[in-house]
Every structure is written in structure tokens, then in C-alpha cells.
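**Q** Sequence first, predicted coordinates after that:
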Protein chains: 2
Amino acid sequence: MVQYVGTYLDASFAALSDATRRGVLEQLGRADASITDLAVKFRMTLTGMKKHVGVLEQAGLVTTEKVGRVRTCRLGLRRLEEEVMWIEKYRQLWDARFDELDQVVEELKRKESVNGRSKK
Amino acid sequence: MVQYVGTYLDASFAALSDATRRGVLEQLGRADASITDLAVKFRMTLTGMKKHVGVLEQAGLVTTEKVGRVRTCRLGLRRLEEEVMWIEKYRQLWDARFDELDQVVEELKRKESVNGRSKK
């Protein structure tokens, strides 16, 4: 289930595990921005923001382009398809697992009620 | 968009950023397992597997229960609802952003073709 997208998923889930980086993606979803804009917006040093953008870039979620002194960031081509696919498949397993446990509980309740009646 | 689930999301996306941990979740989606079972299955030391399970447990994705010497792992109650919600909202932004860029490109093409014709 995971083999073909394993490395993508490692990098993108790691990129998404930080509130600032998720914020940067939301921001770039509205408009392109320079690293300086983003640093100001998120009240962060330029160095700190460069690191976050680097993590997003390595995961393919952001691309950057330097024109003169300004590095502009925009959303990358990855639309988190594989990530959603993984989570959806996991949720199917989760649902099936909890349904199974519900059935076991129901079965135990049923037996208990039969035993209770036979003891009367 | 992120504030109310920020801390959940940090922990759960970080938990999902490792292929072994994703594999453990898939495995527990099929049946409960002891840490020893999981260590054998994923060809890992007991210490290594304990760490992975600890990360999943902290993110609320797994619960464990020790009976005698055996610690049994099962899926936690979190069904990754907030994670899917975040990604879905992001994809809406992504789609809108790329639609916008497509329109800019179309507009440029249209102008170019008008200019081309007027030069003839």
C-alpha cells in the first residue's frame, strides 16, 4: 500500500507537521510571495523562513525563483493526491476495524443476556 | 484555518512522516499486535519499535495496554478527520490558484494572437 509513494509521503507529511509551514502553503494558495514577505507575515527571521521554505521545496509543495535580489515563492505542482489516498485507505481500515470490535461487543452483550436469562 | 487543531496536526502529520509508522497503523488496522510482533514484522529492535509506537501513541493514533509482560497495541480513536479537512481545504486553494494562473496564461495568449493579427 505504501511502497510506490513512500519517499514522497515521508517528505510531505514531515513538511505538513509544522503550523508555520502549513500557514505558508495557505498564504501561497492566495498569492505568490517573497521570502521577505513571508518572514514579516509570520514574524520570523529571514533565516528561519528560508529553512521552512526549503523543507516545503524539497517536498515539492513549493517552488521558488530568484529574480535580482528577490526570491519569489509559489505553490508547487504537487496537490497532495498520494497523501489523501493514503489517509483514505487508512480510514477504510479504521472503519472496518472498529465495526469488527463493535460486533464483538454486541456478541458479548448477547451472550451475557442469554446467560442472565438462563440463570433466572 | 489552522488554529483550533494546530497541535493535533503537528503531532499526527509528524507521526505519519515515517514509512514504518504508517506500516504499523496499516497492520493494526487488520489486527491488534504486541510490540514484539510489530518489531519482528518490521525487522526492527524492540527499542526501535517502542519509540515508533510512542510517537503514534502521543499523536492519539494508537493506544497500548500492558497485561503481564505483553504490551498490546491497537488503533486509537483518532480517525484523521482534522488532517483530511486541512488537506481538502488546501486543495481547494490550490485548485483556485492554478485556475487563476491558467486564466492569466489564456489572457496572454489571446493578447499575443490579437497583436500577431494586427501586425499582419
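**A** It's in.
**Q** do the longest helix seen in chain A and chain B meet at all?
**A** If you go by DSSP state H, chain A has its longest helix at helix A:81-119. Yes. Contact of helix A:81-119 with chain B (CB under 8 Å from any CB of the partner chain) involves A:83-84, A:86-88, A:90-91, A:93-98. Using the backbone N, CA and C atoms, a C-beta is placed for each residue, glycine as well.
**Q** Emit the ChimeraX select command for whichever of the residues you listed are buried.
**A** The buried residues among the residues of helix A:81-119 next to chain B can be selected in ChimeraX (16 or more other CB atoms under 10 Å in any protein chain shown) with this line:
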select /A:83,86,87,90,93,94,97
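**Q** so which of the residues of helix A:81-119 next to chain B comes closest to A:Gly48?
**A** Nearest to A:Gly48 among the residues of helix A:81-119 next to chain B: A:Glu83, at 25.0 Å, using CB to CB.
**Q** check contacts around the nearest residue to A:Glu88 once chain neighbours are set aside.
**A** Among residues not flanking A:Glu88 along the chain, B:Val84 sits closest, at 7.8 Å (CB to CB, 6 or more residues apart in numbering or on different chains). Applying CB atoms under 8 Å, 6 or more residues apart in numbering or on different chains, we find B:Val84 in contact with A:84, A:87-88, A:91.
**Q** got TSV for the residues you listed, with pLDDT and distance to A:Thr20 too?
**A** Below are those laid out as TSV (pLDDT from 0 to 100; distance: CB to CB, whole Å):
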residue	pLDDT	distance to A:Thr20
A:Val84	92	22
A:Ile87	95	22
A:Glu88	94	27
A:Arg91	94	27
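**Q** Quick check: the two most widely separated of those residues?
**A** A:Val84 and A:Arg91 (10.4 Å).
**Q** now the closest residue to A:Tyr8 other than its chain neighbours: how far from A:Lys89?
**A** Using CB to CB, 6+ apart and skipping the chain neighbours, the partner closest in space to A:Tyr8 is A:Glu82 (5.6 Å). Using CB to CB, to the nearest Å, A:Glu82 is found at 11 Å from A:Lys89.
**Q** Equivalent analysis for A:Ala14, please.
**A** To A:Lys89, A:Ala14 is 20 Å away according to CB to CB.
**Q** what about those two, which has more around it?
**A** Just comparing A:Ala14 and A:Lys89: by other CB atoms under 10 Å in any protein chain shown the higher neighbour count belongs to A:Ala14, 18 against 14.
**Q** got the contact list for the more buried one?
**A** A:55, A:59, B:13-14, B:17.
**Q** again, 10 Å this time
**A** Listed by CB atoms under 10 Å, 6 or more residues apart in numbering or on different chains, the contact partners of A:Ala14 are A:21, A:55, A:58-59, B:13-14, B:16-18.
**Q** Could you pick out the buried ones from the residues you listed?
**A** Buried members of the contacts of A:Ala14, scored by 16+ other CB under 10 Å, are A:21, A:55, A:59, B:13-14, B:16-18.
**Q** Just the ones of those residues in helices?
**A** Among the buried ones among the contacts of A:Ala14, the members falling in helices (DSSP H) are A:21, A:55, B:13-14, B:16.
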